[in-house]
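Asker: Could you look at this predicted model? Sequence included:
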Amino acid sequence: MDEKRVLALIDDDAMIKLTQRLVQIPSENPPGEEKAVSDFIQAWLEDRGLDVEVIEAVPGRPNLIASYGSEDGPVFMLNGHTDVVPPGEGWTVDPYCGELRDGKIYGRGSTDMKGGIAALLHAFDAIRRSGVKLKGKLLLVINADEEAGGAAGAGYLIENGHVAADSCLVCEPSSLMLSTAEGGLLWLELTVRGRSVHSTLAPIGINAVEKMLGILNALSPIKTKLEAMVGLRGKPTVFTMNIMKGGTKVNQVPAECRASIDVRIPPGVEVSPYDVIDDVKGVLDRMRKADKDLRVDLSYNDPPILPFEIPPESPVIATVEQAVEAVTGAPAEYWKPKQILPTDDSDLYHWWTKGNIPGVYIGPGAIELAHISDEYVEVDEIKKAARIYALVALGELGWEA
C-alpha cells in the first residue's frame, strides 16, 4: 500500500456534495443547536460500518467519536466542530443554501468549518476503505460548542477523559496555512450601579455613566503597560475597551452602566490573564475606598484562556509541513507567517493545555470569511485539505507493509 492509493479513494464530487449538505443543516451557537447536523454526520459514518460513540455534556448537543486502526501504538486525532455562529444580516444569498457557484460554496459555516469537516470525513473514510493496517489508532472527534468556548464540546471531552491522543490536527479555516500558537483571551465585564433622578436633580443622583468613565480612565495605565509588551514573533498584547452602555433617556441620570474590555495576550509575555484580573481588581478596590458612592462589579470568563505555543520540535508539525508540500507542490506557510494569533481561539487550546496533545490548526477557507455575510469556501481548498489530512494521518501513525 502506498499513499497514492489512499488519495485516489477520495471522492471529490461526493465531498463537495457533502459540504453543501452540511451547510444546509443549520447548527447555530448560540443557542447551541448542533443536534441535526451531528445526527446527519453520525448516520453518514454508521452507513460506512463505523461505530460512533455519542457523548453529550448538555442534552441535545452531541459530540461524536469514531476510530479506525489498531488499539496498539500511537493515537492521532482529526478534529472539527459542528456549531456555527448565527447568520446575522446582509446576505445576498440564503445563509443555508449551500450554493455552488464559480468554484465556491456559499452559506453560514461553509468556511468555518463545514468544508473542513467534509474534508476530514472523506480523508478518514479513504483510509478506512483502503484497508491499510495502521500501526496505531486514527481517532475522529467531531464536537459541539467551539464557538462559545467548548464547555459542552472539546473542553468537556478532554476534562472528563473521553479523549486521549498523542497528536492532533484541527481543521479550522486558515487558507491551508499552519497555526501552532494562540493567544490568551480575557473578557472583562464591568457593571456600575448609580441612582437615577431627573436631570434637573442631578446633584442628588449618582450618575453611573460618569462613574464608569472614571473607572475606564483609571484603567488606562494598565492598558498602556500591557500594550507595551511584545510576545513571540513581535505580536503585541491588546487591551481594548470596546463596549459601554448606560442610560435610557437624555433627561434622566443613568442608574446603570456596563462596559466590556477585550484582552488578548500572546505567548512569550511575562503576564497572564490572572495578573490582569488582579491589577483591575486593585484599581477598583482603591476607587471604592476613595468614593463611598461607587458601586461596581467585575466579572470575566472564568477560567480565562491562557496563551500557548505548541513546541516547534513536536513531530506532528513536521508531518503537516511535509503533507502540505506534497499536496500543493510548495513549501508549507505559516499564518502571517509563523505569527501568533491573539485574535483567535480554537479547540486546539483544549487539546494542548488540558490534554497535552500537540497539534496543528489547518483547514480550507479564509478566516477573514468566517462569521461574515456571504461566507464561502473554495472547492479547490477542500480537495487539497482532504489529501493533506490523509497524508498527515498516515505519516503520524505509519502502516504495515
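Answerer: Good, I have the coordinates. All values derive from a computational prediction rather than experimental measurement.
Asker: Identify each buried residue in stretch 239-258, please.
Answerer: Within stretch 239-258, the residues that count as buried by 16 or more other C-beta atoms under 10 Å are 239, 246, 253, 254, 255, 256, 257. No exception for glycine: its C-beta is placed from N, CA and C like everyone else's.
Asker: would TSV of those with pLDDT, distance to residue 187 and secondary structure be doable?
Answerer: Below are the buried residues of stretch 239-258 laid out as TSV (pLDDT from 0 to 100; distance: C-beta to C-beta, whole Å; DSSP: H, G, I helix; E, B strand; the rest coil):
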residue	pLDDT	distance to residue 187	secondary structure
239	96	12	strand
246	97	19	strand
253	97	28	coil
254	97	23	coil
255	97	24	coil
256	98	19	strand
257	98	17	strand
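Asker: List just the nearest of the residues you listed to residue 360.
Answerer: The nearest member of these to residue 360, counting by C-beta to C-beta, is residue 239 at 28.9 Å.
Asker: for that closest one, which residues make a bridge with it?
Answerer: residue 263 (DSSP bridges).
Asker: follow-up on the earlier one: right, and out of the buried residues of stretch 239-258, which lies closest to residue 29?
Answerer: Using C-beta to C-beta, the buried residues of stretch 239-258 come closest to residue 29 at residue 239, 27.1 Å.
Asker: Tell me how far the closest one lies from residue 232.
Answerer: 18 Å (C-beta to C-beta, to the nearest Å).
Asker: State the distance from residue 68 to residue 97.
Answerer: From residue 68 to residue 97 the distance is 33 Å (C-beta to C-beta).
Asker: nearest residue to the most centrally placed residue in the chain other than its sequence neighbours?
Answerer: Computing the C-alpha centroid of the chain and ranking residues by C-alpha atoms, centre = their mean puts residue 346 first, at 2.6 Å. Among residues not flanking residue 346 along the chain, residue 172 sits closest, at 4.8 Å (C-beta to C-beta, 6 or more residues apart in numbering).
Asker: In three-state terms, how would the one you found be classified?
Answerer: coil (DSSP: H, G, I helix; E, B strand; the rest coil).
Asker: thought it was touching residue 112?
Answerer: Yes: using C-beta atoms under 8 Å as the test, residue 172 is close enough to residue 112 to be in contact (7.2 Å).
Asker: any common contacting residues for these two?
Answerer: Common neighbours of residue 172 and residue 112 (criterion: C-beta atoms under 8 Å, 6 or more residues apart in numbering): residue 367.
Asker: in the host helix or strand of residue 391, what counts as buried?
Answerer: Using DSSP states H and E, residue 391 sits within helix 379-397. Residues of helix 379-397 classed as buried: 379, 381-397 (neighbour count, 16+ other C-beta under 10 Å).
Asker: now do stretch 49-59
Answerer: 50, 52, 55, 57.
Asker: And stretch 26-45, by the same measure?
Answerer: 26-29, 32-35, 37-38, 40-42, 44-45.
Asker: How about the contacts made by the residue lying closest to residue 109 once chain neighbours are set aside?
Answerer: Excluding its sequence neighbours, the residue lying closest to residue 109 (C-beta to C-beta, 6+ apart) is residue 84, at 3.5 Å. Contacts for residue 84 (C-beta under 8 Å, 6+ apart) come out as 26, 27, 28, 29, 108, 109, 112, 114, 147.
Asker: what about 6 Å?
Answerer: 27, 108, 109 (C-beta atoms under 6 Å, 6 or more residues apart in numbering).
Asker: and the gap between the second one and residue 366?
Answerer: Taking C-beta to C-beta as the measure, residue 108 and residue 366 are separated by 15 Å.
Asker: Appreciated, that's everything.
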